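**Q** would you be able to build a 3D model of this:
(one chain, ligands or ions: 1)
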Amino acid sequence: MSSERQPIVSGNWKMNNNHFEAIQCVQKLAYLLQKEDFDAVEVTVHPPFTDLRSMQTLIDADQLRLKLGAQNCHSEDKGAFTGEVSPVFLGKLGVHYVIVGHSERRELFGETDEFVAAKVAAVLKHGMAPILCVGETLAEREAGVTLDKVKRQVGIALEKRSNEQVKNMVIAYEPIWAIGTGKNASPADAQEVIAAIRAEVASVASAPAANAIRLQYGGSVKAGTIADIMRQPDIDGVLVGGASLDPTEFARIVQYRRHAF
Ligand code: 13P
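**A** The predicted model follows:
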């Protein structure tokens, strides 16, 4: 973690929590988090699409400092794409961050690096920030191709983006074998890959862009593991799945400084 970049803790709820449950979850989270938490850490929540309007209303009405995020979007503004959601619609719902290229989208729904790059461009075009996910499978890690894969994923997503656009992005390194498994990359291993991602950003974009972009780790992050992750110099935050569904646990993750430093 660098003192120049604001830490960012994001909760990706995946396909969990209907809009009633989402309201309860966020109300509880807002009750548990204090002003000093929001001053120190940017907190984003990424509910399913059907919850977004309820979340927007709650965040506005209660003036919550949580930032609203989405889990995906299409690359086009509108058209004959049955079942897809336009980034324009997300902007109208007060969405600040859109997860793009999550490994579940890539692996289960066949999203290619090129499609992911088009989504990154679309999210930025509409004034939101992508959280671009990259990461390797267990077989790729064992074959020693982790860095090749994540560098390729980063390179394709960023190659046509301006330096100013890159500075506003977030990249989440999520080793696929660590997602939802209870296994996580050791803080040192995560730091090694994330440092390589920062170097790749410097080479595809520029050194200032690489210095500004925020890089997260994701994969079985819990309140008990975040502090060691955040001590790594290139890791600016975490992208949390399962543990973000429990507001008490997620609040403790956001509050890692209080019990760790
Ligand atoms: P878990 O925290 O459940 O491993 O999920 C990580 C993830 O995929 C977040 O996007």
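
**Q** which residues touch the nearest residue to residue 249 once chain neighbours are set aside?
**A** Excluding its sequence neighbours, the residue lying closest to residue 249 (CB to CB, 6 or more residues apart in numbering) is residue 243, at 4.8 Å. All C-beta spots, glycine's among them, are computed from the backbone N, C-alpha and C. Residue 243 makes contact with 221, 222, 223, 249, 250, 253, according to CB atoms under 8 Å, 6 or more residues apart in numbering.

**Q** for those residues, which one is nearest residue 21?
**A** Using CB to CB, residue 250 comes nearest to residue 21 of those, at 14.0 Å.

**Q** now the residue of the stretch 1-150 of the chain found nearest the ligand, what are its backbone angles?
**A** With CB to the nearest ligand atom, the shortest gap between the stretch 1-150 of the chain and the ligand falls at residue 12, namely 3.7 Å. Backbone dihedrals for residue 12, given as degrees, to the nearest 10, come out at phi -100, psi 110.

**Q** which residues does it bridge with?
**A** residue 46 (DSSP bridges).

**Q** isn't it up against residue 99?
**A** Yes. Counting by CB atoms under 8 Å, residue 12 does reach residue 99; the two are 6.1 Å apart.

**Q** check the contact lists of the two and give me the overlap.
**A** Each of 46, 69, 71, 239 lies in contact with both residue 12 and residue 99 under the rule CB under 8 Å, 6+ apart.

**Q** just put those in TSV and tack on neighbour count, secondary structure and distance to the ligand.
**A** Putting those into TSV (neighbours: other CB atoms under 10 Å; DSSP: H, G, I helix; E, B strand; the rest coil; distance: CB to the nearest ligand atom, whole Å) gives the following:
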residue	neighbour count	secondary structure	distance to the ligand
46	28	strand	8
69	26	strand	11
71	21	coil	8
239	28	strand	5
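
**Q** so who does residue 169 touch?
**A** With CB under 8 Å, 6+ apart, residue 169 has these contacts: 120, 124, 129, 130, 131, 132, 158, 161, 213, 214.

**Q** switch to 7 Å and redo it
**A** Residues near residue 169 by CB atoms under 7 Å, 6 or more residues apart in numbering: 129, 130, 132, 213.

**Q** same question for residue 95.
**A** With contact set as CB under 7 Å, 6+ apart, residue 95 has these partners: 52, 68, 69, 70, 128.

**Q** roughly how far apart are whichever residue of the stretch 151-261 of the chain sits closest to the ligand and residue 16?
**A** The ligand sits closest to residue 241 of the stretch 151-261 of the chain, with a gap of 2.2 Å, by CB to the nearest ligand atom. When distance is defined by CB to CB, to the nearest Å, residue 241 is 9 Å away from residue 16.

**Q** who has more neighbours, those two?
**A** Neighbour count, other CB atoms under 10 Å: between residue 241 and residue 16, residue 241 has more, with 22 against 15.

**Q** hmm, the more buried one is touching residue 180, no?
**A** Yes. Between residue 241 and residue 180 there is a contact at 6.2 Å, judged by CB atoms under 7 Å.

**Q** common neighbours of the two, please.
**A** Here residue 241 and residue 180 share no contacting residue, scored by CB under 7 Å, 6+ apart.

**Q** what about residue 31, neighbour count?
**A** For residue 31, the count of nearby residues is 10 (other CB under 10 Å).

**Q** quick thing: my sequence starts at 45, can you match it?
**A** Done: numbering now begins at 45, and the last item shifts to residue 75.
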